[in-house]
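Visitor: task: produce atomic coordinates for the following.
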Amino acid sequence: MNQKEAWNRLYKKNQNKWRMETLGLPKIINGKNILEIGVGNGKTLKSIIELKPAKVTAIDLSEEAVKNAKKKFSIENESIKIRVADVTRLPFKKGEFDIVVCYYILNNLIENERKKAVKEMHRVIKPGGKVIFEDFALGDFRQKEELKRVEENTLLKNDGIICHFFSIAELKYIFSDFRNKKFTKKISYPITHKKELERVIISGKMQK
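Guide: Numbering: from 1, shown residues only. The predicted structure follows:
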């Protein structure tokens, strides 16, 4: 269950998966020093850049994802850094960033890794800095009974990728070291030919 290998296989095979650009990022990104955790195919990084941060560092566990993202974004641009890094052991100084963008990353970790990742985010954010968060919630159509159960509410998909599904109560507990926590559950029906399938996500903001 090596997640780095699984993600490298996925991005080597299909680097353009999840093509839609991430929408709805808050304007507080403007002029700030940003850390994006999990650059993937760059759809969230593209939205971050459009909001004109002062600097942005984007990381990913997958070398294939980083290689592809560098081709898209970091040519001749010193304000954009893209590198391989593990969210459970961030290679950055204490208080280095104003904002951490954490979209659809914690779901790919098991419980002890999620706790380490949040502690690392807390460490690298400046006092008063914020985390912008979004991830899968309990009840999302991806939470399929036939998939292998790894931990409570955590499944192993057929492509070898772990996927966890959150409740708001769990997120409040995981981010207990942060203050001013606000989480919102959103339900949509993105697959037009299968309108019974609910997409359930949780968005949130919190402050150090």
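
Visitor: quick one: contacts for Ile37?
Guide: 59, 87, 100-102, 105, 117, 121 (Cβ atoms under 8 Å, 6 or more residues apart in numbering). Using the backbone N, CA and C atoms, a C-beta is placed for each residue, glycine as well.

Visitor: of all these, which two lie farthest apart?
Guide: The span of these, defined through Cβ to Cβ, is set by Val101 and Ala117 at 13.3 Å.

Visitor: distance of Asn2 relative to Asn33?
Guide: Per Cβ to Cβ, to the nearest Å, Asn2 is found 32 Å from Asn33.

Visitor: higher neighbour count, the two?
Guide: Asn33 (16 against 9; other Cβ atoms under 10 Å).

Visitor: how near is the closest residue in space to Glu63 that isn't next to it in sequence to Lys13?
Guide: Leaving aside its chain neighbours, Glu63 sits nearest to Val84 (5.5 Å; criterion: Cβ to Cβ, 6 or more residues apart in numbering). Computed as Cβ to Cβ, the Val84 to Lys13 distance reads 19 Å.

Visitor: which other helices and strands contact the least confident helix or strand in the chain by mean pLDDT?
Guide: Sorting the helices and strands of the chain by mean pLDDT, DSSP states H and E puts helix 3-13 at the bottom, at a mean of 87. Using 3 or more Cβ pairs under 8 Å, 6 or more residues apart in numbering; DSSP states H and E as the contact test, the elements touching helix 3-13 are helix 63-73.

Visitor: what pairs with whatever helix or strand comes next after the helix it packs on, parallel or antiparallel?
Guide: Past helix 63-73, further along toward the C-terminus, the next helix or strand under DSSP states H and E is strand 80-84. Strand pairing for strand 80-84, determined by DSSP bridges: strand 55-60 (parallel).

Visitor: show me what counts as buried in the least confident helix or strand of the chain.
Guide: Within helix 3-13, the residues that count as buried by 16 or more other Cβ atoms under 10 Å are 3, 6-11.

Visitor: any chance you could list what contacts that helix?
Guide: 17, 40-41, 60-65, 68, 108, 159-162.

Visitor: between it and strand 55-60, how many degrees?
Guide: 100 degrees (axes from the mean of the first three to the mean of the last three Cα atoms, to 10 degrees).

Visitor: what angle do helix 3-13 and helix 63-73 make?
Guide: 50 degrees.

Visitor: helices and strands around the longest helix anywhere in the chain, which ones?
Guide: Taking DSSP state H as the criterion, the chain has its longest helix at helix 111-124. When contacts are defined as 3+ Cβ pairs under 8 Å, 6+ apart, helix 111-124 sits against strand 33-37, strand 97-103, helix 168-174.

Visitor: quick one: pLDDT of the residue nearest the centre of the chain?
Guide: Centroid-nearest residue in the chain: Tyr103, 2.8 Å away (criterion: Cα atoms, centre = their mean). Looking at Tyr103, its pLDDT is 96.

Visitor: returning to what we had before: buried ones among the contacts of helix 3-13?
Guide: By 16+ other Cβ under 10 Å, the contacts of helix 3-13 give 40-41, 60-62, 64-65, 68, 108, 161-162 as buried.

Visitor: tell me the contacts of Ile29?
Guide: Going by Cβ under 8 Å, 6+ apart, the list of residues near Ile29 reads 48, 51-53, 99, 101, 132.
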